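In: coords below, sequence missing:
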């Protein structure tokens, strides 16, 4: 099977500062891969390399073809991105922002059709903010803005979604809702790569995990074999126990 994303020997520097060192990864359809690591470890930079925002001489393939072989519109139809922070410079409504996710599917000078509007409404409803559709994006909370961008990524209908700290600004209830629909969408053939600071979230929703520190891979593989107490200690310098409840869900317990 051709992997959805395959990266080989990825290194990247900002000027003279090396940020990523020889990263390899392979993501199959339906995978949920969580990137874990301390602040400044290179997680966000790796996402941007995989999206083609940052260029490297090493190999990044999307569905068996190099990133540079795709046009921007083709890439947008295949892969969507939820950034950690985002600004909308003009006074768009929440509905308008989500509708922008349909741009890769219409002509440059075409208008949105009813199908596009229906999909935008469906995704607003999916993430629980349909009631905000007529609010100006600039007037809603940070968590609501995050949900708006998640709805926009889903409206894009790309089957590969990269998310940088997707729970940023979300209250606990919305964090759990987000994790649940990541799980639901992955079971329907969507592929996710997300950064997170929360090992518990990775344990709940992911089947694969990559742990990186100072731009290098600490551990990479199936979550149950990789996200261990020993690796968490190596990554963050804290002691935890990884336990499992009666329903089979694993979680971390800090050791003080």
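Out: Thanks, I have it. Keep in mind that this is a model prediction, so the values were computed, not measured.

In: Over to the spatially most central residue of the chain. Which of the three states is it?
Out: For the chain, the residue lying nearest the average C-alpha position, counting by CA atoms, centre = their mean, turns out to be residue 163 (1.8 Å). When classified by DSSP: H, G, I helix; E, B strand; the rest coil, residue 163 comes out as strand.

In: List the beta-bridge partners for it.
Out: For residue 163, the beta-bridge partners are residue 82, residue 194 (DSSP bridges).

In: so residue 140 sits right up against residue 148, yeah?
Out: Yes: when contacts are counted by CB atoms under 8 Å, residue 140 is listed as touching residue 148 (7.2 Å). Backbone N, C-alpha and C define where each C-beta goes, glycine included.

In: chain center to stretch 157-175, what's the gap?
Out: Here the centre of stretch 157-175 is set off from its chain's centre by 7 Å, with CA atoms, centre = their mean, to the nearest Å.

In: got the buried residues for stretch 172-190?
Out: Of the residues in stretch 172-190, those buried under the neighbour-count criterion (16 or more other CB atoms under 10 Å) are 174, 175, 177, 178, 179, 181, 182, 185, 186, 190.

In: An error on my part: the question was meant for stretch 188-201.
Out: 190, 191, 192, 193, 194, 195, 196, 199, 200, 201.

In: Quick one: residues contacting residue 112.
Out: Taking CB atoms under 8 Å, 6 or more residues apart in numbering as the definition of contact, the neighbours of residue 112 are 99, 102, 106.

In: Counting neighbours, which of those residues comes out on top?
Out: Counting neighbours by other CB atoms under 10 Å, the top entry in these is residue 99, with 23 neighbours.

In: gap between the nearest residue to residue 130 once chain neighbours are set aside and residue 136?
Out: Using CB to CB, 6 or more residues apart in numbering and skipping residues adjacent in sequence, the residue nearest residue 130 is residue 124, 4.4 Å away. Here the criterion is CB to CB, to the nearest Å. By it, residue 124 lies 15 Å from residue 136.

In: related to what we said a few turns ago, from the buried residues of stretch 172-190, which is closest to residue 55?
Out: Residue 55 lies nearest to residue 190 out of these, by CB to CB, at 26.7 Å.

In: residues contacting the closest residue to that closest one other than its chain neighbours?
Out: Spatial nearest neighbour of residue 190, excluding adjacent residues (CB to CB, 6+ apart): residue 159 at 5.4 Å. Neighbouring residues of residue 159 by CB under 8 Å, 6+ apart: 29, 78, 189, 190, 191.

In: just residue 218 next, same as before
Out: For residue 218, the residues meeting the contact criterion (CB under 8 Å, 6+ apart) are 37, 211, 212, 231, 234, 235.

In: out of residue 140 and residue 148, which sits in the busier spot?
Out: Set residue 140 next to residue 148 and count neighbours by other CB under 10 Å: residue 148 wins out with 28 against 17.

In: returning to that earlier point: which of the contacts of residue 159 sit farthest apart?
Out: When the contacts of residue 159 are compared pair by pair using CB to CB, the maximum separation belongs to 78 and 189, at 13.1 Å.

In: Just confirm residue 24 is within a helix.
Out: No: assessed with three-state DSSP, residue 24 is strand; it does not lie in a helix.
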